[in-house]
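Engineer: A predicted structure for the sequence below; I have some questions about it.
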Amino acid sequence: MDIDGVLTDLAAALTAIPGLRAVPYAADVIVPPAVVLMPPEITFDMTFGRGLDRYDIVAHLFAARSTDKTGQSALNGFLAGSGPSSVKAALIAVRRGSTEWRDLHVPRAHGYGQYEVANQSYWGALIDVQVFGQGA
């Protein structure tokens with residue numbers, strides 16, 4: 001698998017969510033609502049002959065802190081397991097639709113709270129994404 005290709009394909013899938021900006025690299029500045037896909041932790045050689053690698057990607061999800069209720073409500077929609085704003089649903093919809101990977105899994109969301117990026121405070125959460133594909 002190609003790291004840049006995987007992150008770019010995941011970001012493209014997330015732009016299907018109305019209003020959500022997706023960035024396939026560590027960003028210095030964000031405009032919420034946004035998801036920033038961080039480069040993965042990689043597990044090589046899960047099968048013999050470079051047959052399978054796993055990328056563990058953490059998607060950093062940010063919503064505005066305009067008011068506590070509004071920001072958290074927006075974040076909650078992105079964290080839902082299904083629906084038009086669901087990050088998980090948008091990713092699962094393309095789980096086998098990429099030439100970059102064989103399969104993907106979205107096992108959990110965690111770290112719900114306040115985050116700071118470039119001296120701005122946001123509501124945020126982390127979403128774990130596991131991508132499985134041919135070792136390169």
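Structural biologist: Looks like it came in fine. Worth saying up front: this structure is predicted, and the values here are computed from it rather than measured. Numbering: from 1, shown residues only.
Engineer: pull out the buried residues from stretch 26-33.
Structural biologist: By neighbour count with 16 or more other CB atoms under 10 Å, stretch 26-33 contains the buried residues 27, 30, 32-33. Glycine gets a C-beta too; all of them are placed from N, C-alpha and C.
Engineer: mean confidence score for that stretch?
Structural biologist: The pLDDT scores in stretch 26-33 average 93.
Engineer: repeat that for stretch 44-61.
Structural biologist: 92.
Engineer: contacting residues around that stretch?
Structural biologist: 1, 3, 6-7, 10, 14, 33-43, 75, 78-79, 87, 101-102, 109, 115, 124-136 (CB atoms under 8 Å, 6 or more residues apart in numbering).
Engineer: in the protein, what residue spans correspond to helices?
Structural biologist: 3-14, 68-79, 87-92 (DSSP state H).
Engineer: can you list those in CSV and add mean neighbour count, mean pLDDT and distance to Ala22?
Structural biologist: Output for these, formatted as CSV (neighbours: other CB atoms under 10 Å; pLDDT from 0 to 100; distance: least, CB to CB, whole Å):
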stretch, mean neighbour count, mean pLDDT, distance to Ala22
helix 3-14, 19, 95, 4
helix 68-79, 16, 92, 11
helix 87-92, 20, 96, 9
